[in-house]
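> Sequence first, predicted coordinates after that:
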Amino acid sequence: GQAHDGDPKKGLNEWLAVQFDKLHHVYEGQQGKNEFSIRGYQRAAGILRRTDFAITSGAQARKIKGIGESLAQRIDEFLEGRLGRAYYEDTVEARTIATFKDVYGVGKNFAAELYRKGARSIEDLKTKEYGLTTGQRVGVELYDDLISRMPRDECRQLFELIRCAAVAIDANLWIEIMGSYRRGAETSGDVDILITRDTADRLTHAGVLKRLIQTLRTNGVITHELSTPHNYSDLEAKWMGVGRVPGGKYRRIDILTIPFENWGAALIYFTGNAVFNRSLRLYARKQGYSLNQRGLFRGVIRDRKGNKTTAGEMVASRTEEEIFDVLGIRWRPPHQRCP
Ligand code: DCP
Ligand code: MG
Ligand code: MN
């Protein structure tokens, strides 16, 4: 889902990236595959997309940081048209499971279970009984719309409809569009929205999310709810659902509200991408910190499984810059956060 600037020299890199995307997709739909190599394909696609010279061989690609021997071999296979390795995995079973995994709310285990139960198509999921949850049924019903990515303009329009409704409820809200859109991507899989409110006047955004959803349901911008907050009055709450610009396709919408003090950490989290977040969090851990969507913490103690046993103390959270500062790394603009 990343921007591609159309430079012809990058054309081949983009094609290679798409091959890795496919490989990632096919493997992701299978069970018992090495998670590490699956992520490797996802990473490789990202690396190729931000390489600014044309890659013409595996050996040459090998010199790029992050491209190891086995990825280089894959690149040669792609370039030489020896797609066997990639495609012998591309069985009907793998493809069907991958298709099911694209249904909202269906993970790879359930996708495989659906296949074992005899489901072979989205049509099967629509017409036969497989014990789908309400959310999964919405995913099936809107399958064609939800698998397609929306152009940047449409993402902006949908956000503007939501932003207008929000600031009509409280003019002091901070509301931003996040995810792939903020990273500058040409297309987005959903609209990610972050909301908070400056507490200088001692007021908060408590109650806003509930009113916002009500307004948007009434005016038809929001059409389906997939997951609602446990408690609407919490300052930190997540809402997931579906909406559309009038007459447009149905699109996934994620809304996250967070306490004002967590704004910077939440910006980093919700801007992503997920691979960038994983590496930034790992880096923080190596420096003795712990980073999450709320803030950067010091003094976190973990057990041998890596689970936190002591929450620690928050040392930075209000702005992205102060978090990067404490970690001792230069702030990176969102469009450079797609490793
Ligand atoms: N995120 C994360 N880890 C996850 C899922 C999400 O850190 N497992 C963060 C980083 C993502 C952001 O949340 O960039 C938004 O999640 P999306 O799934 O909406 O992903 P994107 O917006 O990046 O891409 P897309 O255009 O596919 O929605
Ligand atoms: Mg998104
Ligand atoms: Mn999202």
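Ah, there it is. Ligands and ions are numbered 1, 2, ... in the order given.
> all helices of the stretch 1-150 of the chain, in order?
11-28, 35-49, 58-61, 69-79, 84-87, 92-101, 108-116, 122-127, 134-141, 143-147 (DSSP state H, counting those that start in this stretch).
> Quick check: which of those is nearest to ligand 3?
helix 143-147 (11.8 Å; Cβ to the ion). Glycine gets a C-beta too; all of them are placed from N, C-alpha and C.
> Residue numbers of this structure in contact with ligand 1?
1, 179-180, 188-190, 192, 254, 269-270, 272-274, 277 (Cβ under 6 Å from any ligand atom).
> same thing but 8 Å
1, 149, 178-181, 183, 185, 187-190, 192, 252, 254, 269-274, 276-278 (Cβ under 8 Å from any ligand atom).
> And these, which of them are buried?
149, 178-181, 183, 185, 187-190, 192, 252, 254, 269-273, 276-277 (16 or more other Cβ atoms under 10 Å).
> Tell me which of those residues fall in helices.
179, 180, 181, 269, 270, 271, 276, 277 (DSSP state H).
> what residues are up against the residue lying closest to the fifth one once chain neighbours are set aside?
Leaving aside its sequence neighbours, residue 270 sits nearest to residue 178 (Cβ to Cβ, 6 or more residues apart in numbering; 4.0 Å). Residues near residue 178 by Cβ atoms under 8 Å, 6 or more residues apart in numbering: 192, 193, 194, 256, 267, 270, 271, 272.
> For ligand 2, tell me which of these show up nearby.
Residues of those in contact with ligand 2 (Cβ under 5 Å from the ion): residue 192.
> so where's the stretch 1-150 of the chain uncertain?
1-10, 29-35, 82-90 (pLDDT under 70).
> Tell me who's in contact with whichever residue of the stretch 151-300 of the chain sits closest to ligand 1.
Closest contact between the stretch 151-300 of the chain and ligand 1, by Cβ to the nearest ligand atom, is at residue 272 (2.0 Å). Residue 272 is in contact with 178, 179, 180, 183, 337, counting by Cβ under 8 Å, 6+ apart.
> Could you do residue 139 as well?
Counting by Cβ under 8 Å, 6+ apart, the residues that residue 139 touches are 103, 104, 105, 106, 146.
> Including distance to ligand 2 and neighbour count, could these go into CSV?
As requested, the contacts of residue 139 are exported to CSV (distance: Cβ to the ion, whole Å; neighbours: other Cβ atoms under 10 Å):
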residue, distance to ligand 2, neighbour count
103, 17, 25
104, 13, 21
105, 16, 17
106, 18, 22
146, 12, 21
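> As CSV, those with distance to residue 307 would be great.
CSV is the format used below for these (distance: Cβ to Cβ, whole Å):
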residue, distance to residue 307
103, 31
104, 29
105, 26
106, 27
146, 34
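> Identify the farthest-apart pair in those residues.
Distance extremes for the contacts of residue 139: the farthest pair is 106 and 146 at 11.5 Å, using Cβ to Cβ.
> Would you mind measuring from the closest residue to residue 264 other than its chain neighbours to ligand 1?
Distances taken as Cβ to Cβ, 6+ apart put residue 319 closest to residue 264, at 4.1 Å, once the chain neighbours are dropped. According to Cβ to the nearest ligand atom, to the nearest Å, residue 319 and ligand 1 sit 18 Å apart.
> residue in the chain nearest to ligand 2?
Counting by Cβ to the ion, the chain gets nearest ligand 2 through residue 179, at 3.1 Å.
> show me the contacts for that residue.
188, 189, 190, 191, 192, 254, 270, 271, 272.
> Give me the buried positions along stretch 323-339.
323, 324, 326, 327, 334, 337, 338, 339.
> from the chain's centre, how far out does that stretch sit?
18 Å (Cα atoms, centre = their mean, to the nearest Å).
> Any chance you could list what contacts it?
Residues external to stretch 323-339 that are found in contact with it (Cβ under 8 Å, 6+ apart): 2-3, 43, 46-47, 49-50, 66, 182-184, 264-265, 268, 271-273, 275-276, 279-280, 283-284, 287, 289, 291, 295-296, 315-317, 320-321.
> Enumerate the residues of the stretch 51-200 of the chain near ligand 2.
Near ligand 2, when you scan the stretch 51-200 of the chain using Cβ under 5 Å from the ion, you find 179, 190, 192.
> between the residues you listed, which is nearest residue 58?
Closest to residue 58, out of all of those and judged by Cβ to Cβ, is residue 179, at 32.4 Å.
> Quote the end-to-end distance of stretch 181-195.
From its first residue to its last, stretch 181-195 covers 16 Å (Cα to Cα, to the nearest Å).
> Next, see if that stretch gets close to ligand 3.
Yes: counting by Cβ under 5 Å from the ion, ligand 3 has neighbours in stretch 181-195: 190, 192.
> where does that stretch sit relative to the chain's centre, distance-wise?
The answer for stretch 181-195 is 9 Å, by Cα atoms, centre = their mean.
> now stretch 199-207
Between the centre of stretch 199-207 and the centre of its chain there are 29 Å (Cα atoms, centre = their mean).
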